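Asks: all I have is the shape, not the residue letters:
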C-alpha cells in the first residue's frame with residue numbers, strides 16, 4: 001500500500017460542496033489514488049448505518065466529498081514506508097454529516 005494525502009481544494013463557499021463540509025487534510029494507505037478516495041469515503045457515516053432518509057437499501061457512499069475531484073485532490077506521498085493495512089492513517093473524518101431521525 002502507498003500513502004496518499006487527500007487535500008481540500010475548493011473554497012468553503014464553493015457551490016460544489018452542496019451543503020457538505022470539508023474534513024480537512026486526510027492521510028490514507030491505499031492501493032491507488034482512486035482507492036484512496038474510496039478509503040476516506042468509507043469512514044464517513046452512511047444513511048444505511050442510521051435511521052435516516054433517503055430509504056432502506058440506499059447508500060450515500062458515492063456522494064462523498066472525497067470522491068469529488070472539484071473538492072479534493074489526491075497526492076501520493078513518497079515517504080519510503082510500506083503500509084500493510086488499507087485505511088485512514090491520520091486526519092479526522094467527522095460523522096455529523098447526516099442527521100438521524102432517531103432524535
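Replies: Okay, I see it. Given the structure is predicted, the values throughout are model-derived calculations rather than measurements.

Asks: how about residue 17, what does it touch?
Replies: Contacts for residue 17 (C-beta atoms under 8 Å, 6 or more residues apart in numbering) come out as 10, 65, 71. Yep, even glycine has a C-beta here, placed from its N, CA and C like the rest.

Asks: same check on residue 83?
Replies: By C-beta under 8 Å, 6+ apart, the contact list for residue 83 reads 1, 2, 3, 29, 89.

Asks: on that earlier part again, if you rank the contacts of residue 17 by neighbours, which is first?
Replies: The most crowded member of these, judged by other C-beta atoms under 10 Å, is residue 65 (24 neighbours).

Asks: wait, that residue touches residue 26, no?
Replies: No. Assessed by C-beta atoms under 8 Å, residue 65 is found out of contact with residue 26, at 10.7 Å.

Asks: now the two most distant members of the contacts of residue 83.
Replies: 2 and 89 (11.1 Å; C-beta to C-beta).

Asks: shared neighbours of those two, anything?
Replies: In contact with both residue 2 and residue 89: 29, 83, using C-beta under 8 Å, 6+ apart.

Asks: output the contacting helices and strands for the helix or strand where residue 29 lies.
Replies: Using DSSP states H and E, the element containing residue 29 is strand 26-30. Counting contacts by 3 or more C-beta pairs under 8 Å, 6 or more residues apart in numbering; DSSP states H and E, strand 26-30 packs against strand 2-8, helix 33-42, strand 87-90.

Asks: strands paired with whatever helix or strand comes next after the longest one, and their directions?
Replies: Right, helix 33-42. Per DSSP H and E, the first helix or strand lying C-terminal to helix 33-42 is strand 72-77. Under the criterion DSSP bridges, strand 72-77 sits next to strand 2-8 (antiparallel) in its sheet.
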